[in-house]
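S.K.: what's the 3D shape of this:
(chains A, B and C)
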Amino acid sequence: MTEPLLSIRDLTVRVGRADTAPAILDGVSLDVAPGETLGLVGESGSGKSTLGTAVLRLLPPLLDAGTTGRIVWRGRDLLGLPRRAMRRIRGGEVSMILQDPMSSLNPVQTIGAQLREALRRGGRGDLHAAAVAALVEVNIPSPAERLRGYPHQMSGGMRQRVVSAIGLAQDPHLLICDEPTTALDATIQYQFLELLKTLRASHGMAMLFITHDFGVVSRICDRVAVMYAGRIVETGPVREIFARPRHPYTRALLASVPSTDHAPDRLPVIEGQPPTVGNRPAGCPFHPRCAHATDRCRTVPPETVVGPSHLVRCWHPQETPL
Amino acid sequence: MTPAPILEARDLSRTFRVRGGNLHALSEVSLSCSPGRSIGIVGESGCGKTTLNRLLLQLDRPTSGEVLFRGVPLPRLDTAGRHAYRRAVQPVFQNPYSSLSPRMRVRNIIAEPLLATGTATRAEAWRRVDEVLEQVGLSARAGDRVPSEFSGGQRQRIAIARALASRPELLLLDEPVSSQDISIQAQILNLLKDLRAEYGLATLFVSHNLATVRFMCDEVVVIYLGRIVERGPAARICTAPQHPYTRALLAAALPADPDAHADTTPPMGELPSPLSPPPGCPYNPRCPHARDICRAERPALASRHDGLVACHVAHEGGI
Amino acid sequence: MRNLSFNFALGLLALFVLTALVGPYLVQHDPLQGSLRARLDPPAWAEGGSADHLLGTDRLGRDVLSRIVEGARLSLAVCAVVIGVAGTVGTAIGTLSGYVGGWLDRILMRLVDLALSLPVILLALLLAAVSEPSFTNIILVISFVLWSQYARMARGETLRVKNEDFVDLARTSGLGHARIIFRHILPNIAPSLIVVATLQVGVVIILESSLSFLGVGVPPPNPSWGAMVADGRSYVVTAWWVSLFPGIAILLVVMAVNIIGDALTDRLNPGLRRNDG
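M.R.: A predicted model of the protein is given here:
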């Protein structure tokens, strides 16, 4: 097995330094191999965005102070890294694109100025030529003209492509995508995902893809980690997870998504609501909503290997294919 | 024979004057909501589905065309007719944070449609509030609390309870689950379906999501740039779409299946500016099948198989 | 620290209101009745002072403490009436302007601009020149200056609230415009207006005092704090107490309401807290 690019071990993020402070992330471990795309799926409040932000050390000070564990990036623990070194990694080796492209771009600067700034930090020579090439790479028509334009003159889909061009300016090894398609229309999302696949191949980069949408996951990810209430409850290769999900939460979530192929009378549902941070149940956080829960689920389940690189955190992993 | 429609839109158009010209938000849209029927309106942002919803609710006036309630144009309803319309047609909006006044108790929010048209005494209204709260899966005690004490999913249940309070005949649902988490979406969709069966409700379900519409509706209307491009039975639209745009939408509705077939008609291009829609078929710049006629002449919405489609290519024998 | 100053301010304000309400019944001297034998008596602790006049007397031998207490009542009355008048007029105009929009909005907002550009002191002097100084005059002048701030705030807040879905929902329930304004708009814009009102207590007291100081405010012999400061200014060196104590009263009350107003702004401005997603 190749050395992982990113290796997160026992990452816990609390609201403050105290051991008793509520934890947003609770002992999360995962690996991302070079060139691999790992999907991070979960509902709001599951901690998936916090995880992505924590890798770049961009959490608000209170949460940053409450961060423990290890985030090993190419052999170096980012949690122990001085600010300057961290700044070099951010936007350089690791870069990020967010849900709202408008807030990632400066509204009073031209697209060109923002792109050239990123390219300059990447040490490119002819900035203008590089900027044009960067826009061409993300399929933006009449790039020379667009460079003189401002973000508000573009559509949401185009802005998101500009944001990716900026994110890729320094040839990152890892691109963290935090719900980059959620604000986009379906047909634009489709095209953007196709573009990301092309860029991933041409740059040979790995991706950490945060989303709540299983359709998106199946389109772009190699592996997937399902999060619930601050924990990873199941992780494995995409095909394996979709064909043989073992955790009751993964199964219920997959089953509850409507499909264009068939229309059942009712959707199978997960009763209740996801717990809020600070009100999470002890043991397996899913047990109050779980159809298979027993008394044992009040204690934290261990991580069990149930297949080739398929791990599940559950006392009662389900056997039948979905 | 189909029963008389509750609400009917005839050739509805809405044009907004904006800097830079006229924005044709909606053009010549006709549809009717009959008892027990569920229609889905599908389209992407800016297609005019929200404008349509507002016109049907008389929150906005059409530039041309009309909306009829039980055969009477809305502006010509008398007071009794207007009250009947307000009771019979109830909306649920997308954002449950914005749709509940933060300074009112849940009880008063839900009772508002009952008390506004003077159909119920206070005592009757409070009884009805308790009833609908339980129907949407909340306890009657929830009535004494304020919206900020509830989660997004619970708020949407309150909004649905409010819509049910006046025993409506038609619910206009504008993206009622798209701001919710997946596990909550399924709960709300099931609830809506149950309530529809229980009350024999007609529904108009506006959504960008074909899968949700397939689950919720009998019939689907696909809108692009303010015009209906295709309509037909939900099952057929989702399996054998006729219009290239519907095909693109279907391809873009990514199934949760990594082995799903590669798409024959992947979506291309972006939505053109509604300020200067392309001549001919509005979809022609993005359409992989566009011919000369598509750039010259706007296709009429005409029947094909068991539905309607506005596409030259489809009419000439299909794609 | 923040809480401490807030509580202190709240205590001061309570003291001010209490003084205004019951104080006049507790003081021993008639605030209007002077005694020629007791002119410019110093405060009790100074040389020559007596316990009879704790804060001394003014040039007509009136008890300074009694006058400050009576002045508190007067200030509170002016504040209440002005904020009531300006608040009602301003809120009505602003809410209407924001709710109706269009040409009415444009006309009303020009009116607000006009009101904001009028020099207040000049206006008061002008009014005093054409009519005797009176209680009504001062209330009219100050209200005329202050209503525009409510109008601005009410309009902005109405524009924000008007676009919330619950207003559309109320319309689809068949509620009329008047009921929408009273049941949905006003309760939701009220917090911001209360902040404006609180911050204006200080402004009103200062304006009233300034106008009275200039002699175009509350007519004598009523003991306005401003008029008292003005009264004492010729004796500042010899009889400092005549001006100083009413001055301190103004300072404390204005400071207290400003601290409270700031705290309210902090608490209410995040206002309708939302957590979408």
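
S.K.: how deep is residue 21 tucked in, by neighbour count?
M.R.: Using chain A. 16 (other C-beta atoms under 10 Å in any protein chain shown). For every residue, glycine as well, the C-beta is placed using N, CA and C.

S.K.: oops, I was thinking of chain C
M.R.: Neighbour tally, C:Leu21, other C-beta under 10 Å: 12.

S.K.: can you list the residues of chain A near chain C?
M.R.: A:Ser44 (C-beta under 8 Å from any C-beta of the partner chain).

S.K.: how does it look with 10 Å?
M.R.: Taking C-beta under 10 Å from any C-beta of the partner chain as the contact definition, chain A meets chain C at A:43-45, A:49, A:99, A:179, A:182, A:212.

S.K.: In the stretch 1-150 of chain C, where is pLDDT below threshold?
M.R.: By pLDDT under 70, the low-scoring segments of the stretch 1-150 of chain C are C:1-2, C:38, C:44, C:49.

S.K.: if I pick the closest residue to C:Asn137 other than its chain neighbours, what's in contact with it?
M.R.: Of all residues beyond its chain neighbours, the one nearest C:Asn137 is C:Leu127 (5.5 Å), with distances taken as C-beta to C-beta, 6 or more residues apart in numbering or on different chains. The contact partners of C:Leu127, by C-beta atoms under 10 Å, 6 or more residues apart in numbering or on different chains, come to C:133-134, C:137-138, C:140-141, C:144, C:211, C:216.

S.K.: For those residues, work out which two are farthest apart.
M.R.: For the contacts of C:Leu127, the farthest-apart pair by C-beta to C-beta is C:Pro133 and C:Phe144; their separation is 15.7 Å.

S.K.: coming back round to it: selection in ChimeraX covering whichever of the contacts of C:Leu127 are buried, please.
M.R.: For the buried members of those, the matching ChimeraX selection, counting by 16 or more other C-beta atoms under 10 Å in any protein chain shown, is:
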select /C:133,137,138,140,141,144,211,216
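
S.K.: Out of the contacts of C:Leu127, which is nearest to A:Gly307?
M.R.: C:Phe144 (79.6 Å).

S.K.: hang on, isn't the closest one packed against C:Val112?
M.R.: No. C:Phe144 is beyond contact range of C:Val112, at 12.0 Å (criterion: C-beta atoms under 10 Å).

S.K.: May I have the residues that are in contact with residue 205?
M.R.: Since you didn't name a chain, this refers to chain A. By C-beta under 10 Å, 6+ apart, A:Met205 lies in contact with A:5, A:34-37, A:93-95, A:167-168, A:171-175, A:199.

S.K.: wrong chain, I was asking about chain B
M.R.: B:38-42, B:92, B:171-177, B:189, B:192, B:196, B:212-213, B:215-217, B:220.

S.K.: returning to what we had before: which of the contacts of C:Leu127 lies closest to B:Ala256?
M.R.: Using C-beta to C-beta, the contacts of C:Leu127 come closest to B:Ala256 at C:Phe144, 66.2 Å.

S.K.: secondary structure class for the closest one?
M.R.: Of the three states, C:Phe144 takes helix under DSSP: H, G, I helix; E, B strand; the rest coil.

S.K.: same question, A:Val13
M.R.: Strictly by three-state DSSP, A:Val13 counts as strand.

S.K.: The closest residue to C:Thr57 other than its chain neighbours: which element?
M.R.: Nearest non-adjacent residue to C:Thr57, counting by C-beta to C-beta, 6+ apart: C:Asp41, 4.3 Å away. Under DSSP states H and E, no helix or strand contains C:Asp41.

S.K.: And C:Pro42, how close does it get to C:Ser234?
M.R.: C:Pro42 is 16 Å from C:Ser234, where distance means C-beta to C-beta, to the nearest Å.

S.K.: Just list the residues touching B:Leu275, thanks.
M.R.: By C-beta under 10 Å, 6+ apart, the neighbours of B:Leu275 are B:16, B:18-24.

S.K.: Please report how far the closest residue to C:Glu208 other than its chain neighbours lies from C:Ala86.
M.R.: Among residues not flanking C:Glu208 along the chain, C:Val78 sits closest, at 5.0 Å (C-beta to C-beta, 6+ apart). Distance of C:Val78 to C:Ala86, computed by C-beta to C-beta: 11 Å.

S.K.: and what of A:Leu5?
M.R.: Distance of A:Leu5 to C:Ala86, given as C-beta to C-beta: 65 Å.

S.K.: end to end, how far does stretch B:272-279 reach?
M.R.: One end of stretch B:272-279 sits 11 Å from the other (C-alpha to C-alpha, to the nearest Å).

S.K.: So for that stretch, what gets flagged as buried?
M.R.: Judged by neighbour count (16+ other C-beta under 10 Å), stretch B:272-279 contains these buried residues: B:274, B:277-278.

S.K.: how distant is that stretch from the center of its chain?
M.R.: Offset of stretch B:272-279 from its chain centre (C-alpha atoms, centre = their mean, to the nearest Å): 23 Å.

S.K.: Let's test this: mean pLDDT of stretch C:176-189, rounded?
M.R.: Averaged across stretch C:176-189, the pLDDT comes to 92.

S.K.: on that earlier part again, tell me if the residue nearest to C:Asn137 really is in a helix.
M.R.: Yes. Using three-state DSSP, the assignment for C:Leu127 is a helix.

S.K.: And for C:Ile83, nearest residue in space, chain neighbours not counted?
M.R.: Of all residues not flanking C:Ile83 in the chain, C:Ala197 sits nearest, at 5.2 Å (C-beta to C-beta, 6+ apart).

S.K.: Just confirm the one you found contacts C:Ala154, I think it does.
M.R.: No. C:Ala197 lies out of contact with C:Ala154 (C-beta under 10 Å); the separation is 11.5 Å.

S.K.: which residues do those two both contact?
M.R.: Listed contacts common to C:Ala197 and C:Ala154 are C:87, C:90-91, C:190; contacts here mean C-beta under 10 Å, 6+ apart.

S.K.: Narrow those to those in helices?
M.R.: With helices defined by DSSP state H, the entries of those inside them are C:87, C:90-91, C:190.

S.K.: Now which of the residues you listed would you call buried?
M.R.: Listed as buried from those are C:87, C:90-91, C:190; burial here means 16+ other C-beta under 10 Å.

S.K.: can you tell me which of the residues you listed are up against chain B?
M.R.: Applying C-beta under 10 Å from any C-beta to these, one finds that C:Ala190 fall near chain B.

S.K.: now, which of the buried ones among the ones in helices among the shared contacts of C:Ala197 and C:Ala154 sits nearest A:Arg266?
M.R.: For these, the minimum distance to A:Arg266 (C-beta to C-beta) is 44.2 Å, reached by C:Ala190.

S.K.: Same list, the residues of chain A next to chain C, but as CSV with pLDDT, neighbour count and secondary structure please.
M.R.: CSV is the format used below for these (pLDDT from 0 to 100; neighbours: other C-beta atoms under 10 Å in any protein chain shown; DSSP: H, G, I helix; E, B strand; the rest coil):
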residue, pLDDT, neighbour count, secondary structure
A:Glu43, 89, 22, coil
A:Ser44, 86, 18, coil
A:Gly45, 85, 22, coil
A:Ser49, 91, 20, helix
A:Gln99, 83, 19, coil
A:Glu179, 90, 21, coil
A:Thr182, 86, 16, coil
A:His212, 91, 19, coil
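
S.K.: Those also near chain B: which ones?
M.R.: Answer for the residues of chain A next to chain C near chain B (C-beta under 10 Å from any C-beta): A:43-45, A:212.

S.K.: Greatest separation within those: which pair is it?
M.R.: Spatially, the most separated pair among those is A:Gly45 and A:His212, at 10.8 Å (C-beta to C-beta).

S.K.: quick one: low-confidence parts of the stretch 201-319 of chain B?
M.R.: Scanning the stretch 201-319 of chain B with the threshold set as pLDDT under 70 gives B:261-264, B:318-319.
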